[in-house]
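could you look at this predicted model? Sequence included:
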Amino acid sequence: QVQLVESGGGLVQAGGSLRLSCAASGRTASTYTMAWFRQGPGKEREFVAYMMRNGSITYYADSEKGRFTISRDNSKNTVYLQMNSLKPEDTAVYYCASRMGIGGMRKSVYEYWGQGTQVTVSS
């Protein structure tokens, strides 16, 4: 089992920045790929970014490229999402997810999920 706990969400004005954190504990073999998803009001949960344990591969959804950066500190079993130039449409609950396999943009391939952290961007 893996436990994922997100933190760092909050209320920010458009153009501002936030850094989300996700701390993993438990069976770290199941955190080979760690990812961020988000779910806006009335929307489906959508992929944001993922990163492999060795950092060799990262991938971002098109709308986040250039604004969001995923990183991870394996010594702390923590993955981060630095979000810059935030827009009101970035308002969502942001979820951390992990899987033993390699990569993946579909939420169905991720085995473990955190409870989510709310990000609200005001205009």
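Good, I have the coordinates.

isn't Arg67 right next to Leu81, touching?
No. Assessed by C-beta atoms under 8 Å, Arg67 is found out of contact with Leu81, at 10.6 Å. (Glycine included, C-beta is placed from N, CA and C.)

neighbour count for those two, which is higher?
Between Arg67 and Leu81, Leu81 has the larger neighbour count (other C-beta atoms under 10 Å), namely 26 against 15.

can you check the pLDDT for the more buried one?
In this model, Leu81 is scored at 96, pLDDT.

before we move on, what about the one 3 residues further on?
The predicted local distance difference test score for Asn84 is 96.

what about the closest residue to it other than its chain neighbours, neighbour count?
Nearest non-adjacent residue to Asn84, counting by C-beta to C-beta, 6 or more residues apart in numbering: Ser17, 4.7 Å away. Neighbour count of Ser17, defined by other C-beta under 10 Å: 11.

residues contacting Ser17?
Shown in contact with Ser17 (C-beta atoms under 8 Å, 6 or more residues apart in numbering): 82-86.

roughly how far does it sit from Met105?
As for Ser17, its distance to Met105 is 24 Å (criterion: C-beta to C-beta, to the nearest Å).

which residue is nearest the centroid of the protein?
Trp36 (2.2 Å; C-alpha atoms, centre = their mean).

surely that residue touches Ser98?
No. Using C-beta under 8 Å, Trp36 is not in contact with Ser98, being 10.7 Å away.

got the end-to-end distance for stretch 66-79?
18 Å (C-alpha to C-alpha, to the nearest Å).

stretch 34-47 too?
By C-alpha to C-alpha, the extent of stretch 34-47 from end to end equals 12 Å.

what's next to it, contact-wise?
Contact with stretch 34-47 is made by 20, 22, 24, 48-51, 53, 61, 70, 72, 79, 81, 89-99, 104-107, 110, 116, 119, as judged by C-beta under 8 Å, 6+ apart.

filter those residues down to the buried ones, ChimeraX style.
Here is the ChimeraX command that selects the buried residues among the contacts of stretch 34-47 (16 or more other C-beta atoms under 10 Å):
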select :20,22,24,48,49,50,51,53,61,70,72,79,81,90,91,92,93,94,95,96,97,98,99,104,105,107,110,116,119
